[in-house]
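>>> Give the three-dimensional model of this entry:
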Amino acid sequence: MAERTTVRLPAELLSRAKRKAAAEGRTLTSLIADGLRQIVAGQTMQVKNRVMPRVSKARPGLMPGIDLEDLSTLQDREDRDYVRRMGSAR
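Predicted coordinates for the structure are as follows:
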């Protein structure tokens, strides 16, 4: 027979638990009960394999061919990049 009890949880934790239970199509009670069963049984939480972000191999400095003193060429390059991005957004 199930018993009732009162548990005080931080608001953020409770909110996250409710969202997780809803996403899994289950009740908050069943989510809490399963979590407690794992803890009592001594099971550790399953951690998903973490994917490490790729590390940039870019070197510092400007790209070859970029001259900060040549403003018209910089503007032309920026305009071409803008047009290319707008064309691929369609």
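>>> Where does pLDDT dip in this protein?
Residues of the chain that meet the criterion pLDDT under 70 lie in 43-48, 89-90.
>>> Repeat the analysis, applying 90 as the threshold.
Counting by pLDDT under 90, the low-confidence segments of the chain come to 1-2, 38-78, 80-90.
>>> Would you mind putting the CA coordinates of the helix or strand hosting Y82 into PDB?
Using DSSP states H and E, Y82 maps to helix 71-89. Below are the C-alpha coordinates for helix 71-89, written out as PDB (Å, rounded to 0.1, in the frame of the first residue of the first chain):
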ATOM      1  CA  LEU A  71      38.600  49.800 -46.500                       C
ATOM      2  CA  SER A  72      37.000  49.500 -49.900                       C
ATOM      3  CA  THR A  73      38.300  45.900 -50.300                       C
ATOM      4  CA  LEU A  74      37.000  45.100 -46.800                       C
ATOM      5  CA  GLN A  75      33.600  46.600 -47.600                       C
ATOM      6  CA  ASP A  76      33.500  44.600 -50.900                       C
ATOM      7  CA  ARG A  77      34.300  41.400 -49.100                       C
ATOM      8  CA  GLU A  78      31.700  42.100 -46.400                       C
ATOM      9  CA  ASP A  79      29.100  42.800 -49.100                       C
ATOM     10  CA  ARG A  80      29.900  39.600 -51.000                       C
ATOM     11  CA  ASP A  81      29.600  37.600 -47.700                       C
ATOM     12  CA  TYR A  82      26.200  39.300 -47.000                       C
ATOM     13  CA  VAL A  83      24.800  38.500 -50.400                       C
ATOM     14  CA  ARG A  84      26.100  34.900 -50.100                       C
ATOM     15  CA  ARG A  85      24.400  34.400 -46.700                       C
ATOM     16  CA  MET A  86      21.100  36.000 -47.900                       C
ATOM     17  CA  GLY A  87      21.100  33.700 -51.000                       C
ATOM     18  CA  SER A  88      21.600  30.500 -48.900                       C
ATOM     19  CA  ALA A  89      19.000  31.600 -46.400                       C
END
